[in-house]
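Asker: Give the three-dimensional model of this entry:
(chains A and B)
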Protein chains: 2
Amino acid sequence: MPSLDDQWFTEVFQDEGTAFSLKVTRKLHEEQTPYQHAEIYETETFGNLMVLDGCVMLSSRDNFLYHEMMAHPALFTHRNPRRVAIIGGGDCGTLREVLRHPDVEEVWQVDIDERVTRLSETWFPELCEANEDPRAHFFFGDGVAWIKDAVPDRFDVIIIDSTDPVGPAEGLFSAEFYRDCHVALGDSGILVQQSESPLLHTRSIIQSMHRDMREAGLSHVHTLPFPQPVYPTGWWSCTLASHDNPLVYFREEDAAERPFVTRYYNESIHRGALAQPQFMRDQLEG
Amino acid sequence: MPSLDDQWFTEVFQDEGTAFSLKVTRKLHEEQTPYQHAEIYETETFGNLMVLDGCVMLSSRDNFLYHEMMAHPALFTHRNPRRVAIIGGGDCGTLREVLRHPDVEEVWQVDIDERVTRLSETWFPELCEANEDPRAHFFFGDGVAWIKDAVPDRFDVIIIDSTDPVGPAEGLFSAEFYRDCHVALGDSGILVQQSESPLLHTRSIIQSMHRDMREAGLSHVHTLPFPQPVYPTGWWSCTLASHDNPLVYFREEDAAERPFVTRYYNESIHRGALAQPQFMRDQLEG
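Answerer: Here you go, the predicted model:
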């Protein structure tokens, strides 16, 4: 078998029995932040790579898939999104996508680790190009507490752009947190959360996420799959939830006539992402 | 960095600067066939794994994605598919899916390497469960010559279920071969070919495939992306082509009421797969 020498960064998914590797040309940076171990690599073909606690967070080449899908489906589903909160999202890629919507008036990015944002400014400047937008606000602290303290009906859309449901992000995957989000959103708002791999996690994570969101009064829940090569299986998802909004309709004409450039998202991709693979239908609705 | 010891099978994609690994419990078989080097592994989490010339062909766990998408979109797009040819497809997984359609009367599987089918019978028996169906016919030989010799209008659907466009499969990616397929299909038939990774190959392979198919008189061409975790980037595609059929409509009601079980495909997944990511729209239609 071919072996991978130290010119490769490898993330091993022990529980899943798989590993993904990228060829690196050099390590650009490494530090221990107050919350996690951060590494930045320059890769041969995927641009720069951010790794937190050994887990690939994003690459320059393919992060557009994730960031566009975390932002645009939720924003084009809400009737008139003006006030948005991003919990996590320290790399600022989701923030940039949200700010492409001209009618958005105010966005808060709430990440516990300010160093992630500073590293992104240095190594992923394209993701941070909207950080100086006067509509962008930053709070570095605990997103769970911040949402609990928000006044009711404060936001139209809350985006939970978190790491995996272990460690610091664990509290972001719970019915209690979703209840606080529901209060901050009111009944017409939309919650969206990254929800791991359809192939690996439909039974282990997505199913209980649906249950917890419904328990929190967000009775409409829908998972949208999308490709994400640097994450396990190359297949990822986001889950939308709302009390009032059935989530299967969206502002399709506005999406088609969006006044900004995208690379993955468009109105037909949005509609297509609403389709549930048969095994997800069986496991989530059956 | 964690290293991968000899308990892992790794496929290195040198040109792409990526690698994918599966944890193996043992090597089940290895042989040099007249055409390629074949290995079969038992993996920890993906079932059995078939590797040809060092390239992952399929795993027990996730081949349903590929095989369903190679068969059902084309068959539910054709008005009345009765006679089908599969070029390649020696593992018999696509054959099984085609034979699920009760109106199909005759299927020919034409793979150059009989050993692949024999290995599949032993190590992937679930893919071969329809091989005894009286509608199934096998020819082990050169698919390019076989299609050239077919009488005009012989088939309703031709499925090119091949390896990558290098080595033995190179002749299956050419305008000349597509012209022979067009003759064998007539103007109402549908061709479908596996067409590699949207992220990696839209410019390098899919674009020229579209051009070659159009040159062969198949003026309607449409690429359908789908997830496939064991292939590079975890994101793959098939491309449909036809002289008469616009490919954007399909027998949606029949697909919804299909009299067989699927795990990925359904009518909404079919419709969703017709959506083009924005960068593919730009690169293929722009």
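
Asker: Okay, strands next: where are they in the stretch 151-286 of chain A?
Answerer: Assigned by DSSP state E, counting those that start in this stretch, the stretch 151-286 of chain A shows strands spanning A:157-161, A:190-194, A:220-227, A:235-242.

Asker: number of nearby residues for the residue of the stretch 101-250 of chain A found nearest chain B?
Answerer: Chain B sits closest to A:G234 of the stretch 101-250 of chain A, with a gap of 1.5 Å, by Cβ to the nearest Cβ. Just so you know, the C-beta spots here come from the backbone N, C-alpha and C atoms, and that holds for glycine as well. Residues near A:G234, counting by other Cβ atoms under 10 Å in any protein chain shown, number 26.

Asker: again, but for A:S195
Answerer: Neighbours of A:S195 (other Cβ under 10 Å): 23.

Asker: what is the residue nearest to it when sequence neighbours are not counted paired to in the beta sheet?
Answerer: Distances taken as Cβ to Cβ, 6 or more residues apart in numbering or on different chains put A:T239 closest to A:S195, at 4.1 Å, once the chain neighbours are dropped. Applying DSSP bridges to A:T239 gives these bridge partners: A:Q193, A:T223.

Asker: My read is that A:T239 contacts A:P225, right?
Answerer: No - using Cβ atoms under 8 Å as the test, A:T239 is too far from A:P225 to be in contact (10.2 Å).

Asker: neighbour-wise, which of those two wins?
Answerer: Taking other Cβ under 10 Å, A:T239 and A:P225 do not tie; A:P225 has more neighbours (26 against 22).

Asker: isn't that one right next to A:G272, touching?
Answerer: No - A:P225 is not in contact with A:G272 according to Cβ under 8 Å; the separation is 9.5 Å.

Asker: Pairing partners for the longest strand along chain A, with directions?
Answerer: Ranked by number of residues, the top strand in chain A under DSSP state E is strand A:18-32. Strand pairing for strand A:18-32, using DSSP bridges, gives strand A:8-13 (antiparallel), strand A:37-43 (antiparallel), strand B:18-32 (antiparallel).

Asker: Could you list the low-confidence segments of the stretch 101-250 of chain A?
Answerer: Residues of the stretch 101-250 of chain A meeting the criterion pLDDT under 70: none.

Asker: how about the helices in it?
Answerer: A:114-123, A:143-149, A:175-185, A:198-201, A:207-215 (DSSP state H, counting those that start in this stretch).

Asker: Using PDB, list the CA coordinates for the helix or strand where A:L65 lies.
Answerer: A:L65 belongs to helix A:63-77 when elements are defined using DSSP states H and E. Provided in PDB are the C-alpha atoms of helix A:63-77 (Å, rounded to 0.1, in the frame of the first residue of the first chain):
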ATOM      1  CA  ASN A  63     -15.400  26.100   2.100                       C
ATOM      2  CA  PHE A  64     -17.800  27.800  -0.300                       C
ATOM      3  CA  LEU A  65     -20.100  24.800  -0.300                       C
ATOM      4  CA  TYR A  66     -20.500  24.800   3.500                       C
ATOM      5  CA  HIS A  67     -20.700  28.600   4.000                       C
ATOM      6  CA  GLU A  68     -23.200  29.200   1.200                       C
ATOM      7  CA  MET A  69     -25.500  26.400   2.400                       C
ATOM      8  CA  MET A  70     -25.300  27.600   6.000                       C
ATOM      9  CA  ALA A  71     -26.500  31.100   5.000                       C
ATOM     10  CA  HIS A  72     -28.600  31.200   1.900                       C
ATOM     11  CA  PRO A  73     -31.300  28.500   2.300                       C
ATOM     12  CA  ALA A  74     -32.300  29.900   5.700                       C
ATOM     13  CA  LEU A  75     -32.200  33.600   4.500                       C
ATOM     14  CA  PHE A  76     -34.200  32.900   1.400                       C
ATOM     15  CA  THR A  77     -36.700  30.900   3.400                       C
END
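
Asker: which residue is nearest the middle of chain A?
Answerer: A:D161 (3.5 Å; Cα atoms, centre = their mean).

Asker: Wait, it touches A:I87, no?
Answerer: Yes - between A:D161 and A:I87 there is a contact under Cβ under 8 Å: 6.9 Å.

Asker: which residues do those two both contact?
Answerer: Overlap of the contact sets of A:D161 and A:I87 (by Cβ atoms under 8 Å, 6 or more residues apart in numbering or on different chains) is empty.

Asker: how about the strands of the stretch 151-286 of chain A in JSON lines, adding distance to A:A71?
Answerer: Below are these laid out as JSON lines (distance: least, Cβ to Cβ, whole Å):
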{"stretch": "strand A:157-161", "distance to A:A71": "7"}
{"stretch": "strand A:190-194", "distance to A:A71": "8"}
{"stretch": "strand A:220-227", "distance to A:A71": "12"}
{"stretch": "strand A:235-242", "distance to A:A71": "10"}
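
Asker: buried residues in stretch A:227-245?
Answerer: Using 16 or more other Cβ atoms under 10 Å in any protein chain shown as the test for burial, stretch A:227-245 gives A:227-243, A:245.

Asker: and the end-to-end length of that stretch?
Answerer: End-to-end distance of stretch A:227-245 (Cα to Cα, to the nearest Å): 25 Å.

Asker: Please give the centre-to-centre distance between it and its chain.
Answerer: Chain-centre distance of stretch A:227-245: 8 Å, with Cα atoms, centre = their mean, to the nearest Å.

Asker: can you pull the contacts of A:V151?
Answerer: For A:V151, counting by Cβ under 8 Å, 6+ apart, the contacting residues are A:A184.

Asker: same deal with the one 10 residues further on?
Answerer: Going by Cβ under 8 Å, 6+ apart, A:D161 touches A:70, A:86-89, A:94, A:194.

Asker: In strands, which of the residues you listed appear?
Answerer: A:86-88, A:194.

Asker: quick one: which of those residues is nearest chain B?
Answerer: Nearest to chain B among the ones in strands among the contacts of A:D161, with distances taken as Cβ to the nearest Cβ, is A:Q194, at 16.2 Å.

Asker: wait, doesn't that closest one sit right on A:D164?
Answerer: No - look at A:Q194 against A:D164 with Cβ under 8 Å: they stay out of range, at 9.0 Å.

Asker: which of these two has more neighbours?
Answerer: With neighbours defined as other Cβ under 10 Å, A:Q194 and A:D164 compare such that A:Q194 has more, 25 against 17.

Asker: Quick check: nearest residue in space to the more buried one, chain neighbours excluded?
Answerer: Using Cβ to Cβ, 6+ apart and skipping residues adjacent in sequence, the residue nearest A:Q194 is A:C238, 5.6 Å away.
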